[in-house]
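Q: Mind folding the following:
(2 chains)
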2 protein chains.
Amino acid sequence: MTLPVVEIFGPTVQGEGPDAGTPAYFVRFGGCDYRCSWCDSMHAVDPAEIRANAEHMTAEQIVQRVTHLPSGPNLVVLSGGNPALLDLGALVLALRRDGMRVAVETQGSRWRDWLADVDRLVISPKPPSSDMASPDQIAALRAFMSKVTFAPAPVLKIVVFDQADLEWAAARHCDHPQLPLFLSAGTDVGLPDNETISRLRARYRWLCEMVARRSDLRAVSVLPQLHVIAWGTTKGV
Amino acid sequence: MTLPVVEIFGPTVQGEGPDAGTPAYFVRFGGCDYRCSWCDSMHAVDPAEIRANAEHMTAEQIVQRVTHLPSGPNLVVLSGGNPALLDLGALVLALRRDGMRVAVETQGSRWRDWLADVDRLVISPKPPSSDMASPDQIAALRAFMSKVTFAPAPVLKIVVFDQADLEWAAARHCDHPQLPLFLSAGTDVGLPDNETISRLRARYRWLCEMVARRSDLRAVSVLPQLHVIAWGTTKGV
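A: Residues are numbered from 1 along each chain as shown, chains lettered A, B, ... in the order given. Sure, this is the predicted structure:
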């Protein structure tokens, strides 16, 4: 069985969530059940781009490729697209057998039993600005959450662009208070680097000031996308 | 007994270390046993500035002042200067009795028994670029570490400006492998805002790329100073 791989890169640093700032390799898979308005990884979402660019690899080939990157990290992040559309169980076990910690990022729309086997499960439901928020999304997230156990150290990570997103994130925090919540200030796509950074700074400042004044969000972590601070919106770093 | 308070502010967001991104109040005390070359808080270090500006407050007055700030956070960060020069035991207990989590930031030059009573102990020894690194500093840090217990969730946080700082930080990580290590890319002081940010981004990128390739630093978190991303080098936010 092969898997559609769009990118394998690293060593780099995880830019978001509970492992923000930690050295990591990334494996990005093609295929997504969402079409977020501000998607920063359309090359892993658009079927035509995936068809043109994805390499079809076995779990063992992926492990080999990661192993041959320059050494350093012991964290591998499986991302997409939505990696939970695929069966990555064999890959997760092979990476862990090699001594790697495995993190996965998924929007929480579809449960897979192999998600229980990772070291870190980052669940990133999509707020209104994505155009993907709906009662159906929330129902799917609830069903997903009913499967989540303590084992894969689950957290919620929500990208926030505006006030409506923040209210939506606060409601998810209220629905799932047992999970640590990480808010990422959203990054605008397709702008020159200096404009990207100045907007990111303004949005991060706004989000910090809003969150700091809300007692319902006192346990939350608010972060900018650190990979954008370091590298701008360049791909593959 | 009164304490020399230079600033009390918040709600804001902690910009560094294990609570980076978490809503917090800050209480900054005057007085320091170090004179770091790149100190960003000289108003809490220089004796003349402290004499001119510090307010002398009891623990109870400090708690009152924090309580009357706009509500939100349940984390109070005690900073300086070096707060371990003072007896903050009564303040720590009063804040915790009020339901606050208490974090303290100190360079690890002098132990105080009240440090065992905080919720989070951030120990930030100073690397060569500070002009404070010396065998004596390392010996004092070792003596300090011999007192540290698991209780206050201790971590090491080291500001890194250059390669010599990074090697020094790696040596401290090797000395104290039981403590999580957070590396902060240093911020240059006294520059215009756009220059501050562009240098911070370049240094953060450099630090990420260096750390990501070292297997001795694979468990480390590398962060920029998030308060600088949000607010520049403005004081009191």
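
Q: near chain B, anything from the host helix or strand of A:Ala90?
A: Using DSSP states H and E, A:Ala90 maps to helix A:89-97. No - contact between helix A:89-97 and chain B is absent, the nearest approach being 14.5 Å (criterion: CB under 8 Å from any CB of the partner chain). Using the backbone N, CA and C atoms, a C-beta is placed for each residue, glycine as well.

Q: Can you tell me what sits against that helix?
A: With contact meaning CB atoms under 8 Å, 6 or more residues apart in numbering or on different chains, helix A:89-97 is reached by A:3, A:59-60, A:62-63, A:66, A:76, A:78, A:102, A:104, A:112-114, A:117-119.

Q: Let's see that with 7 Å instead.
A: A:Ala59, A:Glu60, A:Ile62, A:Val63, A:Val76, A:Val102, A:Trp114, A:Asp117, A:Val118 (CB atoms under 7 Å, 6 or more residues apart in numbering or on different chains).

Q: Skipping adjacent residues, who's closest to the fourth one in space?
A: Translated: A:Val63. Closest residue to A:Val63 apart from its sequence neighbours, by CB to CB, 6 or more residues apart in numbering or on different chains: A:Ala94 at 4.8 Å.

Q: can you give me the strands for chain A?
A: For chain A, the strands defined by DSSP state E occupy A:3-13, A:23-29, A:55-57, A:75-79, A:101-106, A:120-123, A:155-160, A:181-185, A:221-223.

Q: returning to that earlier point: need the pLDDT of the residue nearest to A:Val63.
A: Reading off the confidence values, A:Ala94 has pLDDT 98.

Q: likewise A:Thr149?
A: With respect to pLDDT, A:Thr149 has a value of 89.

Q: How about A:Lys235?
A: If you check A:Lys235, the pLDDT there is 67.

Q: Which elements pack onto the lengthiest helix in chain A?
A: Determined from DSSP state H, the single longest helix within chain A is helix A:193-212. Helix A:193-212 sits against strand A:181-185, strand A:221-223, strand B:3-13, helix B:226-231, with contacts defined as 3 or more CB pairs under 7 Å, 6 or more residues apart in numbering or on different chains; DSSP states H and E.

Q: 8 Å instead, please
A: helix A:163-175, strand A:181-185, strand A:221-223, helix A:226-231, strand B:3-13, strand B:23-29, helix B:193-212, helix B:226-231 (3 or more CB pairs under 8 Å, 6 or more residues apart in numbering or on different chains; DSSP states H and E).

Q: any idea of the angle that helix forms with helix A:163-175?
A: Helix A:193-212 runs at 50 degrees relative to helix A:163-175, counting by axes from the mean of the first three to the mean of the last three CA atoms, to 10 degrees.

Q: ok, A:Leu3 to chain B distance?
A: With the distance defined as CB to the nearest CB, to the nearest Å, A:Leu3 ends up 24 Å from chain B.

Q: Confirm for me that that residue is in contact with A:Glu55.
A: No - here A:Leu3 does not reach A:Glu55: they are 9.2 Å apart, not a contact under CB atoms under 8 Å.

Q: neighbour count winner among these two?
A: Legend: neighbour count by other CB atoms under 10 Å in any protein chain shown for A:Leu3 and A:Glu55, higher for A:Leu3 (22 against 15).

Q: Could you pull up the residues touching the residue nearest the centre of chain A?
A: Residue closest to the mean C-alpha point of chain A, counted by CA atoms, centre = their mean, is A:Glu105 at 3.9 Å. Counting by CB under 8 Å, 6+ apart, A:Glu105 touches A:Gly17, A:Val77, A:Leu78, A:Ser79, A:Gly80, A:Pro83, A:Val122, A:Ser124, A:Lys157.

Q: Then A:His173?
A: So A:His173 contacts A:Leu156, A:Leu181, A:Asp216, A:Leu217, A:Val220 (CB under 8 Å, 6+ apart).

Q: Output the below-cut-off pLDDT ranges for chain A.
A: Residues of chain A meeting the criterion pLDDT under 70: A:235-237.

Q: Name the residues of it found near chain B, please.
A: Residues of chain A found near chain B (CB under 8 Å from any CB) are A:10-13, A:19-24, A:70-75, A:182-183, A:197, A:201, A:204-205, A:208, A:211-215, A:217-224, A:226, A:229-231.

Q: And the longest helix of chain A, what's buried?
A: Neighbour-count burial for helix A:193-212, counted by 16 or more other CB atoms under 10 Å in any protein chain shown, picks out A:196-197, A:200-201, A:203-212.

Q: what's in contact with it?
A: Residues outside helix A:193-212 that contact it (CB under 8 Å, 6+ apart) are A:160-161, A:163, A:166, A:183, A:185-188, A:191, A:217, A:220, A:222, A:224-225, A:228-229, A:232-233, B:10-13, B:23-24, B:72-73, B:197, B:201, B:226, B:229-231.

Q: Dump that helix to PDB, keeping only the CA atoms.
A: Output of helix A:193-212 as PDB, limited to C-alpha atoms (Å, rounded to 0.1, in the frame of the first residue of the first chain):
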ATOM      1  CA  ASP A 193       6.900  39.400   3.300                       C
ATOM      2  CA  ASN A 194       7.000  42.800   5.100                       C
ATOM      3  CA  GLU A 195       3.200  43.100   4.800                       C
ATOM      4  CA  THR A 196       2.700  39.500   5.900                       C
ATOM      5  CA  ILE A 197       4.700  40.200   9.100                       C
ATOM      6  CA  SER A 198       3.200  43.500   9.900                       C
ATOM      7  CA  ARG A 199      -0.300  42.000   9.600                       C
ATOM      8  CA  LEU A 200       0.700  39.000  11.700                       C
ATOM      9  CA  ARG A 201       2.100  41.200  14.400                       C
ATOM     10  CA  ALA A 202      -1.000  43.400  14.500                       C
ATOM     11  CA  ARG A 203      -3.300  40.300  14.700                       C
ATOM     12  CA  TYR A 204      -1.100  38.600  17.300                       C
ATOM     13  CA  ARG A 205      -1.200  41.800  19.400                       C
ATOM     14  CA  TRP A 206      -5.000  42.100  19.100                       C
ATOM     15  CA  LEU A 207      -5.400  38.400  20.000                       C
ATOM     16  CA  CYS A 208      -3.200  38.700  23.100                       C
ATOM     17  CA  GLU A 209      -5.100  41.800  24.300                       C
ATOM     18  CA  MET A 210      -8.500  40.100  23.800                       C
ATOM     19  CA  VAL A 211      -7.500  36.800  25.400                       C
ATOM     20  CA  ALA A 212      -5.700  38.400  28.300                       C
END
